[in-house]
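Visitor: Got a predicted model here, sequence first, then my questions.
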Amino acid sequence: MKSTYWVSALLLSIALVAAGYFIGNLQVNGKKYDRYVTVKGLSEREVAADLAVWPINIILTGNDLEQLRGQIELQNQEVSTFFSQQGFSPEEITRGPVNINDAQANLYNSAAATNKYRYMAKSEFTLRTADVAKLQTALSESLKLLSRGIVMGSKNEWQPIEYIFTGLNTLKPEMIEEATKNAREVAEKFARDSDSEVGQIRVARQGLFSITNRDANTPQIKNVRVVTTIDFQLED
């Protein structure tokens, strides 16, 4: 009986020592795991827009609806011919509705009686093309339409032409890799200052990609940007 007691006590002692060792080792490793640095990595690219959308209005005024209708049809045909001559396909040009406003039918227009023209017609077109350079050429050439009495302007005054970059997915892998390298360089600088070395990535958080105009005067050039946040393990 006494022999069994001593064996049990010995086994219990060994178990307590082993447990203490593992718990202590776990605490040491846990403290090592708590040693990390959080840094941000940046990647930027300047790219050319690969899609342009130009919403267009043609504005006409008159007092005779039948005469106004004929003028609208004539000018719409001239605008369609103009874009065709500039090299755009029918699929790139969408003709929208024609809206006619009757100034005398507007109860809130107190100056209707003094207006020179009773009717104002707006005819809409939308040019959507992947050939941005050709659109910019057409934009400058469109001034020639004024000599034929065609007043053509953008439907959106605040953004006459919308320039879009659609190739983000092709840039993502390379930019994420670059942002990660940039983050590691920052982490290595921090590690040198603290007499440590950069280990493995602990946690990585990819930021959102942003696409903005390079500046207000060149909206056809885009700035693509991503910022990643990464936790790097620090080692002695």
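Guide: Thanks, I have it. In this text the structure is predicted, and so the values were computed from the model without any measurement. Residues are numbered from 1 along each chain as shown.
Visitor: Which residues are in contact with I93?
Guide: Neighbour list for I93: 80, 83, 125-127 [criterion: CB atoms under 8 Å, 6 or more residues apart in numbering]. Where you see a C-beta, it was placed from the backbone N, CA and C, and this is true even at glycine.
Visitor: Just the buried positions in stretch 60-78, please.
Guide: Under the neighbour-count criterion of 16 or more other CB atoms under 10 Å, stretch 60-78 has 60-62, 68-69, 71-72, 75-76 buried.
Visitor: Mind putting those residues into JSON lines with pLDDT?
Guide: Below are the buried residues of stretch 60-78 laid out as JSON lines (pLDDT from 0 to 100):
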{"residue": "L60", "pLDDT": "88"}
{"residue": "T61", "pLDDT": "87"}
{"residue": "G62", "pLDDT": "88"}
{"residue": "L68", "pLDDT": "89"}
{"residue": "R69", "pLDDT": "87"}
{"residue": "Q71", "pLDDT": "90"}
{"residue": "I72", "pLDDT": "90"}
{"residue": "Q75", "pLDDT": "90"}
{"residue": "N76", "pLDDT": "91"}
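Visitor: Next step: those residues restricted to strands.
Guide: 60-62 (DSSP state E).
Visitor: Go through the residues you listed and name the one nearest D131.
Guide: Nearest to D131 among these: L60, at 29.2 Å, using CB to CB.
Visitor: who's the closest one bridged to?
Guide: Applying DSSP bridges to L60 gives these bridge partners: A121.
Visitor: List the first helix or strand encountered after the worst-scoring helix or strand of the chain on mean pLDDT toward the C-terminus.
Guide: Every helix and strand of the chain was ranked by mean pLDDT, DSSP states H and E. The lowest is helix 2-33, at a mean of 48. Moving toward the C-terminus from helix 2-33, the next helix or strand (DSSP states H and E) is strand 36-48.
Visitor: Flag every buried residue along that next one.
Guide: Under the neighbour-count criterion of 16+ other CB under 10 Å, strand 36-48 has 36-37, 39, 41, 43, 45, 47 buried.
Visitor: quick one: which of the contacts of I93 sit in strands?
Guide: Mapping the contacts of I93 onto strands (DSSP E) picks out 125-127.
Visitor: Secondary structure element for the residue sitting nearest the centre point of the chain, which one?
Guide: Most central residue of the chain, judged by C-alpha distance to the mean C-alpha position with CA atoms, centre = their mean, is I211 at 3.6 Å. Element membership of I211 [criterion: DSSP H and E] is strand 210-213.
Visitor: ok, residues contacting that strand?
Guide: 163, 165, 168, 219, 221-226.
Visitor: ok, now stretch 160-176?
Guide: Applying CB under 8 Å, 6+ apart, the external contacts of stretch 160-176 come out as 43, 45, 47-55, 132, 135, 139, 154, 156, 206, 209, 211, 213, 219-220, 222, 224, 226, 228.
Visitor: now do stretch 75-89
Guide: Stretch 75-89 is touched from outside by 56, 58, 60, 90, 92-93, 95, 123, 125, 127, 129, 131, 134, 137-138, 141-142, 145, 148-150, 152, with contacts defined as CB under 8 Å, 6+ apart.
Visitor: now swap in stretch 37-49 and tell me
Guide: Stretch 37-49 has contacts (CB under 8 Å, 6+ apart) with 132, 163-165, 167, 171, 175-176, 178-184, 186-187, 190-191, 198, 214, 219-232, 234.
Visitor: make it 7 Å
Guide: Residues outside stretch 37-49 that contact it (CB atoms under 7 Å, 6 or more residues apart in numbering): 132, 163-165, 171, 175, 178-180, 182-183, 186-187, 190, 214, 220-232, 234.
Visitor: Equivalent analysis for stretch 124-131, please.
Guide: With CB under 7 Å, 6+ apart, stretch 124-131 has contacts from 50-57, 79, 83, 88, 92-97, 135, 155.
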